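Q: Provided below are the primary sequence and the corresponding predicted coordinates.
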Amino acid sequence: MSKKTSFKPKDALTEHLLSGGEISLIESQVIFGVQNLNAELTRLRNSGFFVKSKRVSMAKVIRRANETCTVKPPSRLPVREILVTEYWVENV
């Protein structure tokens, strides 16, 4: 009998970050299904990784998310003026 392997969204998110990708709260929820990004970032920090962050426009995050899925914000939402935080793991 074969062993069942289960998909874990947090593992996919961690692999994305460790391969050099950036992530925001919007992307973690929409693309990876991880509802608590801060908990996963804390786990990475506690494991010894350096997690960096910066504020970027929501337009950048939406453009990046649209490479994987379709994200369409409300037409009157000023996505270029709204700032969100993106995170990445810095290789030392």
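A: Noted; the coordinates are in hand.
Q: Just the element for Val51, please.
A: For Val51, the host element (DSSP states H and E) is strand 50-57.
Q: so what secondary structure elements neighbour that strand?
A: If you count contacts as 3 or more CB pairs under 8 Å, 6 or more residues apart in numbering; DSSP states H and E, strand 50-57 packs onto helix 37-46, strand 83-90. For glycine as for every other residue, the C-beta is placed from the backbone atoms N, C-alpha and C.
Q: Would you mind giving these as TSV with mean pLDDT added?
A: Listed next are the helices and strands packed on strand 50-57 as TSV, based on pLDDT from 0 to 100:
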stretch	mean pLDDT
helix 37-46	96
strand 83-90	96
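Q: Deepest-packed of the ones you listed, please.
A: Most buried of the helices and strands packed on strand 50-57, by mean neighbour count (mean count of other CB atoms under 10 Å): strand 83-90, with a mean of 16.
Q: quick one: strands adjacent to it?
A: Within its sheet, and counting by DSSP bridges, strand 83-90 is paired with strand 23-24 (antiparallel), strand 50-57 (antiparallel).
Q: beta partners for the one residue sitting closest to the centre of the chain?
A: By CA atoms, centre = their mean, the mean C-alpha position of the chain lies nearest to Ile23, the distance being 2.7 Å. Judged by DSSP bridges, the bridge partners of Ile23 are Tyr87.
Q: correct me, but it touches Asn38?
A: No. The criterion here is CB atoms under 8 Å, and Ile23 misses it with Asn38 at 11.5 Å.
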